[in-house]
Structures are given as C-alpha cells and as structure tokens.
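Trainee: Return a 3D structure for these sequence lines:
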Amino acid sequence: QIYTSRKSSHLIAMSHLLRPTVVLLKDGSEQAQGKSHVIHNINACQAISEIVRTTLGPRGMDKLIYNQNGAVTISNDGRTIIDLLDIVHPAAKTLVDIAIAQDNEVGDGTTSVVVLAAEFLKQAKEFIEDGVHPQTIIRSYRKAQQLALRKIEEISVNYKNASQSTSFREVLERCAMTALQSKLISNNREFFGKMAVDAVTQLDDQELDLNLIGIEKVAGGSVTASELVFGVAFKKTFSYAGFEQQPKSFVRPKVLCLNVELELKAEKENAEIRLSDPSKYQAIIDAEWKIIYGKLDRIVNSGAKVILSKLAIGDLATQYFADRGLFCAGRVPESALKRVCSATGAVIQTSLGDLSDEVCGECGKFEEKQIGNDRYNFFTDCTELKTATIILRGGAEQFIEETHRSLWDALMIVKRCIQHNEVVGGAGAIEMELSKHLRNESRTIKDKSQLIIAAYAKALEVIPRQLAHNAGLDSTDILNELRAEHANGNTWIGVNIEDEEKGVLDALQAFIWEPALNKKSALAAATEATCTILSIDETIKNAKAQDAVNNAKANIPGARAPGMASIN
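Mentor: Next comes the predicted model:
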C-alpha cells in the first residue's frame, strides 16, 4: 500500500511532463521577450544615434554614404542619412519614422529628434535594469513631456507682439539663417537665407504650397551664382525639327497650357480598319490629317503665342507653329506646368473645343536663355505671380544635391515661421531651460516618478553637450557654465561655438532663433518614439516573412530555437 501511494504521487508529479505540447507558431519562427529584449531594442536605437549625433550643429561632420550601384551621397541631414542607411532592425525603424515625421512637419531638427529619442531611452535603460516597470517610465515621460511643452509656450517669444523693433522679414531671415548654419552652405547662409524668404513670400499667404517653388540644379559655376527667378523657369524639353525656327522671346504673350497630344500616331494595335474599296483608303488618310490640322488651327486662332503641353508635340505641329511665329514645348513636367498656370493664370486644357481668353494665361516676358550647358525657358513679370524658381549652381553634383536639401529645410522653416508667430532661442538654450524647469518640478513629486522626470531632464542636456563636443569644446565645462547661468535666471543662454573663451552666449541677442514649433514637434516625436519602444515586451519573427526575404534580416538575439513550443 505504501509502495502504491508513492507510485501514485510520483505519477502526479510527472503528469505535467506528459501533457501534449501546444505549438502556435510555424517552424522557423523566432521569439524574444523579457527585460533583455527591451534592453536590446534600446541598444539598437542608441547605435543609430551614435551614427548621426556627430552631424548635429554648425560644426557637425558630414557622412559619405555610397551604395552598391556606386551612387555617392555626402550629407549631414539626419533624415537623408537615416533613409540611406537602410535600417532593418524592427524597433530601430521607429527612429526612421520620427525623423521623416519631423522633416515633413517642420523641415529641420531631424538629427535632434533622433538624438533626443536615443538619450531618453538611454536614461530609461537604467530603470529597466533595476526592475522598474516600463509603464511606470512611460507615464512619467509623458508627464514630463506635457510639462516641457507648457514651458515652451510660456517662454516662447511672439515676435509680432515683441517690444523690440524687429521687422517680420528680419525674423524670417534670421530663422532661415539659423537652419542653414549647420549645413554645408553655412558660409553663404545670408545669401541663401534671403533667397528662401523671397521665394516663400511669393506664394499665396493662405496655402504656402512649397511645391510651387521650383528648384533647378545646373552644374558648373560658383554656389553664389545661384539665382532666384520671380516667375517660372524649367529646362528645355525634347524638341523636333523646326524648333530652332521658332522665336525664343515674346513680350506680354498669351500662354496656353494643354494636356493634349499633338502628333500623328501609327495605329498598329489600337485600331483595325477593313476596306472593301481601295479608293476609300485616301479618304481615311485625309480625315486623319484634317483632325490634326483642325486642332492646330484652333490653337493658332486662340491667339496664344506660347503653347505648352504635358504630352508630346510632334514634328508636324512644331513646324506648323514655327511657320506662324509661335513657340511650343511638349513633354513639359507636370510640376512645371502647374507652376506656369499659377504664375500666368492659365488653365490646363484636356480638349481643344473651347479655347477662349479665360483659359489662356499671360506673362510680361517669355524668353529662352542659356544657363551652363543647358537652355531654360523663363516666364517673368507675371501679373498673377504666386510662384518662384530657384536655380542652384555648384561645382560637384553631390554639393548641389546637399545645397538643395539644405535650402529645402530653410524654405520649410520660413513657411512655419509665417504660420506660427512664436520663436525660441537655439544653441541649446531652450533645452537647458527645460531641463532646469523639469528638475525643479521633479522635486515637488513624492513618488518614484520624481527620479524618472529628473532623468528626462538630464536627457535634454544631450543637445548642448553634443553641440559643444562637435565644435571641439570641453562639453563638461560648457554644461556646468550653462547650468549656472540658467539657475541665475538667464533663460536664453546657449553654447557659443565661435568663441571658446566665452563658451556661452545669449541666443536671442545673437539672432540664433528657431520656430517654437520645431522644438515642440521634436519633443513630442522623441517622447512618443521612446514610449513606443519601451512598451514592446516581445518580438515575433514570422517564418513565412523570414523565407520571403531569404534570411536578409538578422536573427533576434536571445531568441528561442526555431520550432520551440510557445506554451507548455
């Protein structure tokens, strides 16, 4: 009896080993979870930050990235670098998303938002290792974000209501020059800052559609040979015989914009005609010619001197217009055609039934000019001018591309400054002031979120620290001096990268201005990305997806062996 009892208890103890295994995932699937997995995600994000953080600020370094096709890109723009890195880590892709969001929303601050998010995660890493629940950190970080955003609204300077006599244009130029100060063309920031403001102020005040600012890149010449055209300029399109006989300059011409094909096409597949009488063949040919000549006659009778079409204008039409002293261009890019319509008041026509004066536009002067090795069509002195064109010059293709990216950031900043009236001091001043404010607020909190908010405040100091480090200054001394200045109530004291002896300066007086929207968007995006990554407690790699990419993505460190049971 005793033996039977022991045997029964042994079977009961071993019964859990006899249960059938429940397998939820296919063979080849991988899982990773737990504290070590969260820390691994944080380390991946920090690795991305280490790549881009040296590009931050006016003294930031550039990155040279080339792909397998041999295409070379030299840039210090955070969004461009992260796009070209082709990141495959699933959690680290979150930083790619926030860089893109920052670029689309503000146009500048893409490097800052990545560096901030990585630093928030670095501060949270210590709490994760100590066993603090991620949701506790997330709640505290979101509370710190709200406190920081309220502080920005409180201390931001509304330049329209400011006591100092600063004109609206001066504010826009200073913000544009601040955005360009960290770019490859920083030595010419005054030249391009004024150009960016002139271009944006030409647009409709209500819409401010930057797509109506054309940017043409012409290799050769100095970067200061770049020019702003108050109108539309686009590269000469493909032309047929007879084009050179057309006049290349008009004064106050009517402009007609079409989405119509003006050429004869051989109908080999689209049509089939069977004739019982061969004599009717010539009648069909004559009808075809009559159709094309009818279209051309209606265009000529409309009174237009310049005819542009999104579709092809063939050799027959080109010679027809040349004989009548008209200019035509086919296969015009859609973006250029829209800008011509915006400048001249023309309306794109998809048929030629009613070509009245209402659908034709007008410009003060049209001419074709040589720039570099290419010829460009210019529409200037337009009555309804709501567009502009920037022609960029430069020696190397990579330099022109980087100039384009830099100028686009400046255009975005000017647009946001027009839409939002608040500005803050740059050079790390706003981050130091927010850090001081959050530290003071954290001391009024009794629970464990006090430490987490203080860590959030410490993370904000990464911006001035990195600015000083990239400029070759002693970041420890600079930060200590900044903390002392802000503790004494000097709100806008930031890093002085020009004078190593002084170390700090007043950002507002030095005209280092940034839109408040820039900092608000960066803080919000970085905090949300941090909270998203901290909330991930398990990653599952689908076996089917793994096969589809042919094992292109790296295995998850610490993952279970393929085919291992999920539930026992």
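Trainee: Mind checking what secondary structure Gly60 has?
Mentor: Using DSSP: H, G, I helix; E, B strand; the rest coil as the criterion, the local structure at Gly60 reads coil.
Trainee: before we move on, what about Ile391?
Mentor: Here Ile391 is strand, with the state taken from three-state DSSP.
Trainee: How much space separates it from Glu461?
Mentor: Ile391 sits 42 Å away from Glu461, going by CB to CB, to the nearest Å. The C-beta positions use only the backbone N, C-alpha and C, and glycine is treated the same way.
Trainee: Dead centre of the chain: give me the residue that sits there.
Mentor: Residue closest to the mean C-alpha point of the chain, counted by CA atoms, centre = their mean, is Asp103 at 3.7 Å.
Trainee: Verify the stated contact: it with Arg79.
Mentor: Yes: here Asp103 reaches Arg79: they are 4.2 Å apart, a contact under CB atoms under 8 Å.
Trainee: what do those two both touch?
Mentor: Taking CB atoms under 8 Å, 6 or more residues apart in numbering as the contact rule, the neighbours common to Asp103 and Arg79 are Thr110.
Trainee: mind checking how far Leu84 is from Phe168?
Mentor: 37 Å.
Trainee: Where does pLDDT dip in this structure?
Mentor: Along the chain, segments meeting pLDDT under 70 span 1-34, 160-166, 265-271, 539-568.
Trainee: Please enumerate the strands of the stretch 101-250 of the chain.
Mentor: Listed from the start of the chain, the stretch 101-250 of the chain has strands (DSSP state E, counting those that start in this stretch) covering 157-158, 213-219, 227-229, 231-235, 249-251.
Trainee: Most tightly packed of the ones you listed?
Mentor: Among these, the stretch with the highest mean neighbour count (mean count of other CB atoms under 10 Å) is strand 231-235, at a mean of 22.
Trainee: Out of the strands of the stretch 101-250 of the chain, the one nearest Thr476 is which?
Mentor: In terms of CB to CB, the element of these nearest to Thr476 is strand 157-158, at 29.9 Å.
Trainee: Going by contacts, tell me the helices and strands next to that closest one.
Mentor: Packed against strand 157-158 by the contact rule (3 or more CB pairs under 8 Å, 6 or more residues apart in numbering; DSSP states H and E) you find strand 422-425.
Trainee: other SSEs contacting the strand it packs on?
Mentor: Secondary elements touching strand 422-425 (3+ CB pairs under 8 Å, 6+ apart): helix 134-155, strand 157-158, strand 513-515, helix 516-534.
Trainee: at 7 Å instead, please
Mentor: Identification of packing neighbours for strand 422-425 by 3 or more CB pairs under 7 Å, 6 or more residues apart in numbering; DSSP states H and E yields strand 157-158, strand 513-515, helix 516-534.
Trainee: Tell me which of the ones you listed sits nearest to Gly221.
Mentor: Nearest to Gly221, of the helices and strands packed on strand 422-425 and by CB to CB, is strand 513-515 at 31.4 Å.
Trainee: Provide the strand pairings for that closest one, with the direction of each partner.
Mentor: Taking DSSP bridges as the criterion, strand 513-515 pairs within the sheet with strand 422-425 (antiparallel).
Trainee: buried residues in the strand it pairs with?
Mentor: Residues of strand 422-425 classed as buried by neighbour count (16 or more other CB atoms under 10 Å): Glu422, Val423, Val424, Gly425.
Trainee: The longest strand that the chain contains relative to strand 231-235, how many degrees between them?
Mentor: The longest strand of the chain (DSSP state E) is strand 361-371. Interaxial angle, strand 361-371 versus strand 231-235 (axes from the mean of the first three to the mean of the last three CA atoms, to 10 degrees): 50 degrees.
Trainee: Strand 361-371: what's the following helix or strand?
Mentor: Counting by DSSP states H and E, the next helix or strand C-terminal to strand 361-371 is strand 374-382.
Trainee: Partner strands of that next one, with direction?
Mentor: Counting by DSSP bridges, strand 374-382 is paired with strand 231-235 (antiparallel), strand 361-371 (antiparallel).
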